[in-house]
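In: okay, sequence plus prediction incoming.
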Amino acid sequence: MSAVEMLRNALKSSVPESQLEIWFKHAASADDVFKFLLLDDAADDLLRAWISYMKRFNTANLPKKTSLIATLTAHYGDEGMAKIIEGAKQVSSTASIAKRLESELMQLWLGQKHSVDDVFKLLKLDEAGDQLFAQPQVVAWAKYVDEFNELHPDKQVSLFSALTARYPNEETLVKMLIAVKKSPSVENIAVRVQSEQTKLWQANKKSPANVFKLVKLDEEGPTLLTSPLFKSWLQYTDEYNMINWKETVSSISTLRTDYSDDVLAKMSLTADKTSSTQNFAKRLRSELLREWYDTLKPGDFVFKALKLDKTGSKVFERSHFALWKEYMEFVSLKDPRIKVNMLTPLIKVYGERKLVKILTTAENVPSTKTIATNLQEALLNRWLDNKKKPEAVFSLLRIEGTATDDASRLFYEKYIEAFKAIS
């Protein structure tokens with residue numbers, strides 16, 4: 001009867017100390033005991049029993065001494081063992097054994113003088129293609145890179161250099177790293193690779209605009225400010241500007257290439273409602289205001305850029321209007337010689353007749369009553385300053401034939417009273 005058959009007949013459902021004694025007396029090898037215990041299911045109690053037996057066997061049989069990891073890898077293979085270890089690390093009851101096995105696996109490979117690339121192949125990661133980071137054994141490979149570098153300080157290999165050798169197409173590697181954001185277990189590896197990649201981009205003076213498109217932020221859409229990649233890209237832009245201070249690039253100039261001003265404004269207003277993105281929202285608005293100012297954009301241009309001219313009579317109720325108003329005040333703040341004047345650009349956009357109707361409607365809404373009243377007074381004063389005759393206003397507002405409660409007629413009557421007061 002073979003040792004394995006003998007052991008199968010001896011053990012039923014548990015592994016008491018007496019059973020270990022029986023195996024030991026019959027000189028069963030650690031391999032035989034391992035196969036008998038059917039550790040393919042990675043049962044924790046059985047594994048512990050086998051480890052206990054292996055220790056006793058090694059003590060008494062030095063010439064036949066075997067290691068825990070050597071037996072396991074002989075049974076599962078390097079790839080399978082790495083997968084088992086990574087899975088076991090996620091379970092509290094097996095985490096300690098898993099870490100020990102991981103350490104022994106690293107030492108086994110180092111003892112066999114495997115290169116970083118050798119281990120990559122041993123783990124069959126060379127067959128993973130663009131699904132590399134979906135393989136659990138990639139964690140073991142990254143760990144080995146660290147162990148290898150520690151043992152060979154004169155032969156340092158970075159994760160990034162090892163990967164670019166296998167993925168020479170930059171865009172392919174970037175796509176793989178983006179996908180990693182959805183897999184927390186290997187995210188740390190991606191962060192390290194990305195960090196090394198960023199250093200290379202900076203060294204090669206890759207512009208923020210190029211990086212923006214490379215990491216597909218131009219396709220992110222409304223969720224741009226919530227993307228982890230957006231935060232990384234902003235940091236890259238800031239670092240780029242620090243290094244290349246003679247040719248700085250604002251993040252907003254890149255954003256405006258792919259996103260319209262009204263979309264960016266909406267993004268900032270939405271992001272402002274969430275604490276984790278409020279800083280991004282504030283920065284975006286600040287840069288947007290400055291960009292308009294630096295490029296000498298007049299109020300009516302910005303008004304239309306924010307699509308406020310498409311919002312009808314409720315324009316003052318729109319959140320974008322507050323941003324436009326902020327811009328008008330920003331211009332005055334930057335250049336005190338310029339007085340804030342919202343009326344002129346509004347007239348350019350709507351014309352006086354349509355603006356009067358909008359202002360009259362807004363005057364009846366509590367939230368917009370104040371601004372509507374102020375703009376009405378400003379328009380009346382402008383006409384009075386220009387000594388515009390009542391009949392000219394009558395014609396301008398097309399009062400003839402209108403109802404007594406028509407918005408234009410009511411405004412015209414206000415003007416008549418004001419005109420009489422100064423005549």
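Out: Thanks, I have the structure now.
In: could you use CA atoms for every contact and neighbour count after this?
Out: Noted.
In: distance between stretch 122-141 and the chain's centre?
Out: Centroid separation for stretch 122-141 versus its chain: 24 Å, with CA atoms, centre = their mean, to the nearest Å.
In: point out where the stretch 301-423 of the chain drops to low pLDDT.
Out: Applying pLDDT under 70 to the stretch 301-423 of the chain flags no residue at all.
In: what's the answer for the stretch 1-150 of the chain, then?
Out: 1-68, 93.
In: if you count neighbours, what's buried in stretch 275-290?
Out: 277, 278, 280, 281, 284, 285, 287, 288, 289, 290 (16 or more other CA atoms under 10 Å).
In: roughly how far does the residue nearest to the fourth one when sequence neighbours are not counted sit from residue 347?
Out: Ranked by CA to CA, 6 or more residues apart in numbering and with sequence neighbours excluded, the top spatial neighbour of residue 281 is residue 268, at 4.3 Å. Taken as CA to CA, to the nearest Å, the spacing of residue 268 relative to residue 347 amounts to 27 Å.
In: which of the two has more neighbours?
Out: residue 268 (23 against 16; other CA atoms under 10 Å).
In: and the more buried one, its phi and psi?
Out: Backbone geometry at residue 268, expressed as degrees, to the nearest 10, gives phi -70, psi -40.
In: show me what the host helix or strand of residue 357 is packed up against.
Out: If you go by DSSP states H and E, residue 357 is part of helix 352-363. Packing contacts for helix 352-363, counted by 3 or more CA pairs under 8 Å, 6 or more residues apart in numbering; DSSP states H and E, involve helix 369-385, helix 407-422.
In: all helices of the stretch 151-300 of the chain, in order?
Out: In the stretch 151-300 of the chain, the segments counted as helices under DSSP state H, counting those that start in this stretch are 159-166, 170-180, 187-203, 208-214, 228-243, 251-258, 261-271, 278-294, 299-305.
In: for the first one, C-alpha coordinates in PDB please.
Out: Which is helix 159-166. The C-alpha coordinates for helix 159-166 follow below in PDB (Å, rounded to 0.1, in the frame of the first residue of the first chain):
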ATOM      1  CA  LEU A 159       7.200  49.000 -12.900                       C
ATOM      2  CA  PHE A 160       6.800  51.600 -15.700                       C
ATOM      3  CA  SER A 161       9.900  50.600 -17.600                       C
ATOM      4  CA  ALA A 162       9.000  47.000 -17.400                       C
ATOM      5  CA  LEU A 163       5.500  47.600 -18.700                       C
ATOM      6  CA  THR A 164       6.500  50.000 -21.500                       C
ATOM      7  CA  ALA A 165       8.900  47.300 -22.800                       C
ATOM      8  CA  ARG A 166       5.800  45.100 -23.200                       C
END
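In: mean confidence score for it?
Out: What helix 159-166 shows for mean pLDDT is 93.
In: now the residue lying closest to residue 190 once chain neighbours are set aside: how far from residue 204?
Out: Spatial nearest neighbour of residue 190, chain neighbours left out: residue 177 (5.8 Å); criterion: CA to CA, 6+ apart. Applying CA to CA, the value for residue 177 to residue 204 is 20 Å.
In: more neighbours: which of the two?
Out: Counted by other CA under 10 Å, residue 177 and residue 204 do not tie: residue 177 has more neighbours, with 22 against 9.
In: mind checking how far that one is from residue 114?
Out: Look at residue 177 and residue 114: by CA to CA, they are 26 Å apart.
In: and what of residue 81?
Out: Residue 81 sits at a distance of 16 Å from residue 114 (criterion: CA to CA).
In: who has more neighbours, the two?
Out: residue 81 (22 against 16).
In: quick check: which element contains that one?
Out: Element membership of residue 81, judged by DSSP H and E, is helix 68-89.
In: list the buried ones in that helix?
Out: Across helix 68-89, burial judged by 16+ other CA under 10 Å covers 68-69, 71-73, 75, 78-86, 88-89.
In: same question for stretch 322-336.
Out: Neighbour-count burial for stretch 322-336 [16+ other CA under 10 Å]: 323, 324, 325, 327, 328, 329, 330, 331.
In: list the contacts of that stretch.
Out: Identification of contacts with stretch 322-336 by CA atoms under 8 Å, 6 or more residues apart in numbering yields 265, 289, 293, 299, 302, 303, 306, 338, 339, 340, 341, 342.
In: out of the helices and strands packed on helix 352-363, which comes closest to residue 159?
Out: For these, proximity to residue 159 was assessed by CA to CA; helix 369-385 is nearest, at 59.4 Å.
In: which helices and strands does that closest one pack with?
Out: On a contact count with 3+ CA pairs under 8 Å, 6+ apart, helix 369-385 meets helix 343-350, helix 352-363, helix 407-422.
In: can you rerun that using 6 Å?
Out: In terms of contacts (3 or more CA pairs under 6 Å, 6 or more residues apart in numbering; DSSP states H and E), helix 369-385 is packed against helix 352-363.
In: quick one: buried residues of the helix it packs on?
Out: By 16+ other CA under 10 Å, the buried positions in helix 352-363 come out as 352, 353, 355, 356, 357, 358, 359, 360, 361, 362, 363.
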